[in-house]
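>>> sequence plus predicted model, see below.
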Amino acid sequence: MTLLHHFIVLGSVVATLSGQSLGQISSSASRPLSEETIESQLFSGDPRLVAWGAHATLAARDRDLVPDLLSLADKWQPPQERDATESPVELTQQQKDERDATAAVLDALIQLHAQVPPQTLRSLAPHFAPEVAILMSPLPAPDALALSLDLYHSRTGALRYVSAALLALQPPPGFAADLLGHITVNATVFVANPDQGGFGRGGSSGSCFATTEESRKGWPKIGQYFLSKQKKDGAMLVVAGVDPVYAMREELSRYSGDMCHKAFGVYLGPEERLRLTSGMLGASRDESTPWNTAPMTTITFQSPEQFERALLSFAEDEQRKYRVTIAALAAHGLITTSEAEVPESLPRLELMINDMRGVDAEPLPELTNLPPRVELHGPYF
């Protein structure tokens, strides 16, 4: 299947989503508004009226107003982003209202099967990730490919995963090597005395809680979208692959954004990168990627020299497994010979040392001859 065919298929998904979710759209008035009245709302400069104008456009299914909606989407001015070390930008009430109005505009564009220019989607991406993920698919193949690459490299969260999943359907040059080389394997190494047994660890996943839905006087309900890897009743496919992503549409009083409780699991972490790599190979995971992103091992300490040999042996065994994957990618033409030979194509292996022998134990040796792409952390007591 060609890249063009993939994106044509994905474009048809949006049409299906639009058709099936139309029944959820509530009517704002007993009589339809004239096109002139709707247009005056859209360009009123009042976010509340803009939202009503988008709502009325959608209720009337008036595609003649799509250029007006596109113009409004293109004028979205995101709040100034701060450095990652600073606190998130706190939106003013006016900015929140403008964001809500823009969400209503994007909902109408999605439902009316409109094609939004890539440069507009790039501007919208930081604040409207689910909507941008859906609007990417109707783009012409070259534009969709370029935008997916851009968002894969520059964004985080659900939109970055969707971009990677789209690229994995028909990988462009350099993508497979980048996807694999940016995996961080967090290996836990327990250090034990000869009379101690093995160790393990457990943890709980994070939770997200929905905010309370409040009524909003004078505003229409805003249609918005949430992404998930779980196929629920009414969910529509956004992107296929080893872990398909689905979209759900809901009408809420305010735009809630890419909330983690709605898009839980749609994130490009180490395990997701590994699964996408395995999916590109089209083989069983044990066959093409015989490793995992969070291995654990226990080394019984007998002497500093013995511990160093055992730790290096563990690291070399792990990297040997990574090279099995690299060889498979090369055999499928997904990476070049030069890419396969550079250390940067290997996942980064972080060895987290947990010394369980007690405070009076002989100090662990300082290792200076670790292989490339292997880092040492610890020891921890």
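Received, thanks. Residues are numbered from 1 along each chain as shown.

>>> can you give me the strands for the stretch 201-350 of the chain?
All strands of the stretch 201-350 of the chain, identified by DSSP state E, counting those that start in this stretch, fall at 222-228, 236-239, 245-252, 296-300, 348-355.

>>> which of those strands sits closest to Thr277?
Distance to Thr277, taken as CB to CB, is lowest for strand 348-355 among the strands of the stretch 201-350 of the chain, at 14.6 Å. (Glycine included, C-beta is placed from N, CA and C.)

>>> export the strands of the stretch 201-350 of the chain to a markdown table and tack on mean pLDDT and mean neighbour count?
Supplementary listing: these in a markdown table, determined by pLDDT from 0 to 100; neighbours: other CB atoms under 10 Å:
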| stretch | mean pLDDT | mean neighbour count |
| --- | --- | --- |
| strand 222-228 | 91 | 24 |
| strand 236-239 | 86 | 22 |
| strand 245-252 | 90 | 20 |
| strand 296-300 | 96 | 17 |
| strand 348-355 | 95 | 19 |
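
>>> could those strands go into CSV alongside distance to Leu49?
Shown next, in CSV, are the strands of the stretch 201-350 of the chain (distance: least, CB to CB, whole Å):
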stretch, distance to Leu49
strand 222-228, 14
strand 236-239, 30
strand 245-252, 18
strand 296-300, 58
strand 348-355, 52
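
>>> nearest to Leu334, out of these?
Using CB to CB, the strands of the stretch 201-350 of the chain put strand 236-239 closest to Leu334, at 18.8 Å.

>>> now do the closest one: which elements does it pack against?
Packing partners of strand 236-239 (3 or more CB pairs under 8 Å, 6 or more residues apart in numbering; DSSP states H and E): helix 3-21, helix 129-136, helix 157-169, strand 245-252.

>>> which one of those has the lowest average pLDDT?
The weakest mean pLDDT among the helices and strands packed on strand 236-239 belongs to helix 3-21, with a mean of 45.

>>> show me what the helix or strand following that one is packed against.
Next along the chain after helix 3-21, taking DSSP states H and E as the criterion, comes helix 35-42. In terms of contacts (3+ CB pairs under 8 Å, 6+ apart), helix 35-42 is packed against helix 47-60, helix 66-74.

>>> make a markdown table from the ones you listed and add distance to Phe301 and mean pLDDT to it.
Below are these laid out as a markdown table (distance: least, CB to CB, whole Å; pLDDT from 0 to 100):
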| stretch | distance to Phe301 | mean pLDDT |
| --- | --- | --- |
| helix 47-60 | 65 | 96 |
| helix 66-74 | 62 | 97 |
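
>>> packed most tightly, which of the ones you listed would that be?
helix 47-60 (a mean of 24; mean count of other CB atoms under 10 Å).

>>> report the angle between that helix and helix 66-74.
On the basis of axes from the mean of the first three to the mean of the last three CA atoms, to 10 degrees, helix 47-60 is oriented at 140 degrees to helix 66-74.

>>> quick one, helices of the stretch 151-300 of the chain?
157-169, 175-181, 270-281, 285-288 (DSSP state H, counting those that start in this stretch).

>>> by contact count, what packs against the third one?
Counting contacts by 3+ CB pairs under 8 Å, 6+ apart, helix 270-281 packs against helix 157-169, helix 175-181, strand 184-192, helix 285-288, helix 304-331.

>>> only the buried residues of that helix, if you could.
270, 272-281 (16 or more other CB atoms under 10 Å).

>>> so the residue of the chain most remote from its centre, which state does it fall into?
Most distant residue from the mean C-alpha position of the chain: Asp360, 45.8 Å away (CA atoms, centre = their mean). Asp360 carries the three-state label coil when classified by DSSP: H, G, I helix; E, B strand; the rest coil.

>>> same question, Arg357
Here Arg357 is recorded as coil under three-state DSSP.
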